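Q: sequence and predicted structure, then a few things I'm wondering about:
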Amino acid sequence: MSIRLIDRYLDGFVSEKELSEMNGKALLALKTVLDGSGKGSDFLGWRALPDVPDKNEFARILSAAERIRKQCDVLVVIGIGGSYLGARAAIEYCQGLNRNALVKDGPQILFAGKDLSAATVCETLRLIEGKDVCLNVISKSGTTTEPAVAFRIFKEWMEEKYGDGAAERIYVTTDKARGKLKELSDTMGYETFVVPDDVGGRFSVLSPVGLLPIACAGIDVNEMLEGAREAKAKFSQATSVFENDCLKYAAIRNVLLGKGKSTEILASYEPALGSTAEWWKQLYGESEGKGKNGIFPASVTFTTDLHSLGQFIQDGTPRHFETVIDLLDPGYRIEVPYDEKNSDGLNFIALKQLHDVNRTAFAATAMAHTDGGVPNIVLEVSGRSAHDFGMLVYFFELACAVSGYILGVNPFDQPGVEAYKKNMFALLGKPGAEFDALRASLSEKMK
């Protein structure tokens, strides 16, 4: 079980000399992360999560997960951004996109509160009709619009169905001591779990935020944390970027940015990694995109997207590079059948394993794209176990923190996120002099 960086598709794009010149900055950035001396150091709690700092909380998570698995047919996870992306990524990575239809020994897991779409809410309500349901509401404050609105709707549904018994089916992950959701939970008697004060949402997948729904899916969270611990031990020390693949990934990204490659496309050849890419996009987008700086994170799923975006990646504006997750074992084996008539002309791949064909497509694409001027970083990952996912999470989190410090930004704040919220609150009529003035200004613009 491992993660390994392959640099064979970087020839002509990143030289050993350029990496050597980046070495000092990368080592200083790693030291800054490890000793907590940089900006945002009060949000470095994610480094300790693999070590399970609160064993009582962890035991309660496992106990609640077992209870939920016995209590309900469906678990609805309500959250947005880091409050749901990590859990969804883990569940789909380990159990697949069709998990709810294929897994028979636990509840279906649905996600709500991640948007303001009436269609999403109503369709989810239709899916849970006639089912035994539990909720896991995840919000630090309890006032974030999307999950708060969803919770109002699903809480009402639960109370109509279960009456006073609804409280025993609602599990809340929120602040330890303050906030509207914490106050409500204490009043209603919901079981609560803690969003750590020193862990930002996008770094929270290995905290109670992600671990409870992941455990409810029947995934071994101990194994996942062990994978993260292995990555922590392996990548938290180095004397050079050439001996630490996590540090090397951060350094290569910044070398390429210096050459005008300002968009990174995370590619995989397995649809089950789609939500992992969504989690990765938030991690890097919110961490690096500030001060008019950073690498724009995008994603594709090949080979599907080769038939839609392949042309642009190959021949379009040359401002991007790819990072490919090369999954060695997808967990399934199936052979391409032989056809006596060869009606589609594909007997040259008959009797080959489909995964081998898929990996051949990866190699062919990587060579074509590099010939087209698109550098490819390859991250080779063993498989789709909980251990593999834990390693991948810690690898990306550590590399993200290092890369942010190389860029000269605080990787742990997100000041730009609040601008749209203020505008939305003003237009929706939130009371207060600040919003009154802003509403008048925005209304004038809208004319």
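A: Now that the structure is in, tell me what you want to look at.

Q: what's Ser15 sitting at in phi/psi?
A: phi -100, psi 160 (degrees, to the nearest 10).

Q: that one: how many residues sit nearby?
A: Ser15 has 12 neighbours, counted by other C-beta atoms under 10 Å. Yep, even glycine has a C-beta here, placed from its N, CA and C like the rest.

Q: with Gly331 instead?
A: 14.

Q: how near is it to Asp105?
A: Relative to Asp105, Gly331 is positioned 17 Å away (C-beta to C-beta, to the nearest Å).

Q: ok, Pro415 next?
A: For Pro415, the distance to Asp105 - C-beta to C-beta - is 44 Å.

Q: list the buried ones in the longest strand seen in the chain?
A: When the chain is parsed with DSSP state E, its longest strand is strand 320-327. By neighbour count on 16 or more other C-beta atoms under 10 Å, the buried set for strand 320-327 is 320-327.

Q: closest to Thr32 among the residues you listed?
A: Looking at those and their distance to Thr32, the nearest is Thr323, at 23.0 Å (C-beta to C-beta).

Q: contact partners for that closest one?
A: Contacts for Thr323 were tallied using C-beta atoms under 8 Å, 6 or more residues apart in numbering; they are 249, 264-267, 376-379.

Q: now intersect the residues you listed with the strands, please.
A: Using DSSP E, 264-267, 376-379 are the members of the contacts of Thr323 that sit in strands.

Q: report the distance from the helix or strand where Met22 lies to the chain centre.
A: In the assignment (DSSP states H and E), Met22 maps to helix 16-35. Mean C-alpha position of helix 16-35 versus that of the full chain (C-alpha atoms, centre = their mean, to the nearest Å) differs by 25 Å.

Q: what's the mean pLDDT across the helix or strand just after that helix?
A: Using DSSP H and E, the helix or strand that follows helix 16-35 towards the C-terminus is helix 55-71. The pLDDT scores in helix 55-71 average 96.

Q: C-alpha coordinates for the helix or strand just after helix 55-71, CSV please?
A: Heading C-terminal from helix 55-71, the first helix or strand you meet, by DSSP H and E, is strand 74-78. In CSV, the C-alpha atoms belonging to strand 74-78 read as follows (Å, rounded to 0.1, in the frame of the first residue of the first chain):
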residue,chain,number,x,y,z
VAL,A,74,-31.2,5.8,5.1
LEU,A,75,-28.7,8.2,6.7
VAL,A,76,-29.1,11.8,5.4
VAL,A,77,-25.8,13.7,5.8
ILE,A,78,-26.5,17.5,5.8
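
Q: count the residues that sit near Gly416.
A: Gly416, neighbours per other C-beta under 10 Å, totals 11.

Q: do Gln311 as well
A: 10.

Q: tell me the phi and psi of it?
A: Torsion angles, degrees, to the nearest 10, at Gln311: phi -60, psi -40.

Q: show me what contacts it?
A: Counting by C-beta under 8 Å, 6+ apart, Gln311 has no contacts.

Q: what do you get for the one 4 residues further on?
A: When the contact criterion is C-beta under 8 Å, 6+ apart, the partners of Asp315 are Gly372.

Q: tell me the confidence at it?
A: 95.

Q: where does the residue nearest the centre of the chain land on pLDDT?
A: The residue lying closest to the centre of the chain (C-alpha atoms, centre = their mean) is Trp279, at 1.8 Å. Listed pLDDT for Trp279 reads 98.
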